[in-house]
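Chemist: show me the folded form of this:
(one chain, ligands or ions: 1)
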Amino acid sequence: MEFNSLNYTGLNTKQYNPNFTACSRDVYDALGRLYHRNDTSMFRVDLGDWDKFVDYIGNKFKNTDKVNIYTLASSAGDEVYSLAIKLLEKYGEKGASKYFPIIASDYDSRIINMAQKGYLPMYEGEAALINKHSGGKFNEYFEVTEKIPDFIGKMDIDYDFMTRVKPKLKEKIQFHTADATEHCRKVQPDNTIILARNFWPYLKDESVRIKFANDLYKSLGKNSAIVLGQFDDTAGAFASKNLYDAGFVCHPEIYTIFEKNKITDWTYRY
Ligand SMILES: C[S@@+](CC[C@H](N)C(=O)[O-])C[C@H]1O[C@@H](n2cnc3c(N)ncnc32)[C@H](O)[C@@H]1O
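Modeler: Residues are numbered from 1 along each chain as shown. Model (predicted):
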């Protein structure tokens, strides 16, 4: 099904809600207790200014041939697809190629299975946001489908419409099932960006969060950084402090970014 990006505003069918939570899914343990809530969305606003963020990446790695980007706790892939679209739109297919493939992982194997098969559920409003960030190219990156496979039907996820991610975007991402606390020790050290966003409160114990921050610091080398989400400093977690205590330095203008070494030219103006 083609999506009419010209007429579609995202405002006409449901009340506009800026806190999109596409792919909302409650996960219960064997005793039926709520284990975690899986919420994500395209171009999640808590990252701040997505244009500034890709400018930061472009500037940081302007003299680098290969950049390693990871998303730990990626959920269905909304965040990683948002970043890939911004990189493609800003630097073009050739200029952005050094950032791909982006490696995404989550310990929720069912959500990763859905991502590996190229499905991305969305809420009303997200298409308008994708168009805003891509110059109206929703249909170049996604195709709305009404054919919902059984395995997704059984997942009990919340969404307004289902999309297939088109190959030109899907091929830029590799999805794996992995626990972030283990995956973080297997990353390339140098010229690396790790998005570890909006999941720290799921690491229930403070000692686990401290170890995770220390492991991130040990795993990373030159010219590398971690990116947090807003949720990571709430709900009993204080990830910024954990990263700071581990030795990371907060970027003076983009407070969600923590660098291993102050190599970025911070006098750079966006
Ligand atoms: C709120 S979503 C965040 C998704 C995305 N990073 C974002 O910011 O939009 C939280 C995700 O963290 C995942 N998660 C929680 N603990 C994890 C862990 N220890 N390892 C990997 N994934 C984890 C959950 O499965 C869920 O998909």
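
Chemist: make it CA atoms for all contacts and neighbour counts henceforth
Modeler: Will do.

Chemist: check which helix or strand His176 maps to.
Modeler: Element membership for His176, per DSSP states H and E: strand 173-177.

Chemist: quick one: mean pLDDT over that strand.
Modeler: Here strand 173-177 scores 97 as its mean pLDDT.

Chemist: what's the helix or strand following that strand packed up against?
Modeler: Reading on from strand 173-177 to the C-terminus, the next helix or strand found by DSSP H and E is helix 180-183. Contacts defined by 3 or more Cα pairs under 8 Å, 6 or more residues apart in numbering; DSSP states H and E place helix 180-183 against strand 102-106.

Chemist: the strand it packs on - contacts with which helices or strands?
Modeler: strand 68-72, strand 173-177, helix 180-183.

Chemist: how far away is Tyr56 from Gly236?
Modeler: Tyr56 sits 30 Å away from Gly236 when distances are taken as Cα to Cα, to the nearest Å.

Chemist: for Lys166, same thing?
Modeler: In terms of Cα to Cα, Lys166 sits 38 Å off from Gly236.

Chemist: before we move on, what about Leu83?
Modeler: In terms of Cα to Cα, Leu83 sits 28 Å off from Gly236.

Chemist: so between the two, which is more surrounded?
Modeler: Shown here are Leu83 and Gly236; by other Cα atoms under 10 Å, Leu83 has more neighbours (20 against 14).

Chemist: and the pLDDT for the more buried one?
Modeler: Value for Leu83, per-residue pLDDT: 98.

Chemist: secondary structure element for it?
Modeler: Here Leu83 is assigned to helix 78-95, by DSSP H and E.

Chemist: residue contacts, Ala180?
Modeler: Residues near Ala180 by Cα atoms under 8 Å, 6 or more residues apart in numbering: 72-73, 105-107.

Chemist: check these one by one and keep those near the ligand.
Modeler: 73, 106-107 (Cα under 6 Å from any ligand atom).

Chemist: who wins for most neighbours among those residues?
Modeler: Result: Ala73 is most packed of the ones next to the ligand among the contacts of Ala180 (other Cα under 10 Å), 25 neighbours.

Chemist: centroid-nearest residue for the chain?
Modeler: With distances taken as Cα atoms, centre = their mean, Glu79 lies nearest the centre of the chain, 2.7 Å away.

Chemist: how many neighbours does the closest residue to it other than its chain neighbours have?
Modeler: Closest residue to Glu79 apart from its sequence neighbours, by Cα to Cα, 6 or more residues apart in numbering: Met42 at 5.8 Å. Met42: 23 surrounding residues under other Cα under 10 Å.

Chemist: all helices of the stretch 101-250 of the chain, in order?
Modeler: Ranges of helices within the stretch 101-250 of the chain are 109-116, 126-134, 138-141, 150-153, 167-170, 180-183, 206-219, 239-246, based on DSSP state H, counting those that start in this stretch.

Chemist: who's in contact with the fourth one?
Modeler: Identification of contacts with helix 150-153 by Cα under 8 Å, 6+ apart yields Met114.

Chemist: now that helix: mean pLDDT?
Modeler: Rounded mean pLDDT across helix 150-153 is 92.

Chemist: next: the longest one.
Modeler: Predicted confidence along helix 206-219 averages 97 (mean pLDDT).

Chemist: which bits of the stretch 51-200 of the chain sit near the ligand?
Modeler: Going by Cα under 6 Å from any ligand atom, the residues of the stretch 51-200 of the chain near the ligand are 73-75, 79, 106-108, 178-181, 197-199.

Chemist: which pair of these spans the longest distance?
Modeler: Glu79 and Thr181 (19.1 Å; Cα to Cα).

Chemist: alright, calling it a day.
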